[in-house]
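S.K.: Here is a sequence with its predicted model. Questions after.
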Amino acid sequence: MLKIKFFYDRINYRIKRSKEVRNLIEKVIRKANKIPGDLNFIITNDKIVRKLNIEYLDHDYFTDVIAFDYSENVVLNGEVYISIDTVKKNAVKYKVSLNSEIIRVIIHGTLHLCGIDDKSSEEKNIMRELEDKWIKEIL
């Protein structure tokens, strides 16, 4: 049984239209030929996400999203940590709404769990195209 949950840690923000966002996450996963399992999206702050970035990825910098993949075969399980602080800064930087940017990073984290990488410039372009494609489905 599919369980996509949103958790809010030390922040006041809440995802708008969360049921539609859950449906979108499921579509992204199924399009990647995976089966949605247990997925937790934890919306928190810069301090927490940076701490995770240092501890688990050995990266000492702020980031908007970190995905931890606990999948088994084609069943997608994982945790996606999102820093609302960095998402807010990026929304201003890219001149988009906070809602649009939060959905983009939710999709981004989901795509990472589906096996899409963004290390090379080519991979970054593919990731951006997929984000744009999926974000149009909900906005």
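M.R.: Great, that's in hand. Since this is a predicted model, take the numbers as computed values, not measurements.
S.K.: Check the offset of the helix or strand where L111 lies from the chain's centre.
M.R.: Under the criterion of DSSP states H and E, L111 resides in helix 98-113. From the chain centre to the centre of helix 98-113 is a distance of 4 Å (Cα atoms, centre = their mean, to the nearest Å).
S.K.: Next, the buried residues of the next helix or strand after that helix.
M.R.: The helix or strand immediately downstream of helix 98-113 is helix 121-136, counting by DSSP H and E. Of all the residues in helix 121-136, those buried under the rule 16 or more other Cβ atoms under 10 Å are M127, L130, E131, W134, I135. From N, CA and C alone the C-beta is placed, and that goes for glycine too.
S.K.: Skipping its backbone neighbours, what lies nearest I35 in space?
M.R.: V75 (4.8 Å; Cβ to Cβ, 6 or more residues apart in numbering).
S.K.: And for N99?
M.R.: Nearest non-adjacent residue to N99 (Cβ to Cβ, 6+ apart): K16, at 5.5 Å.
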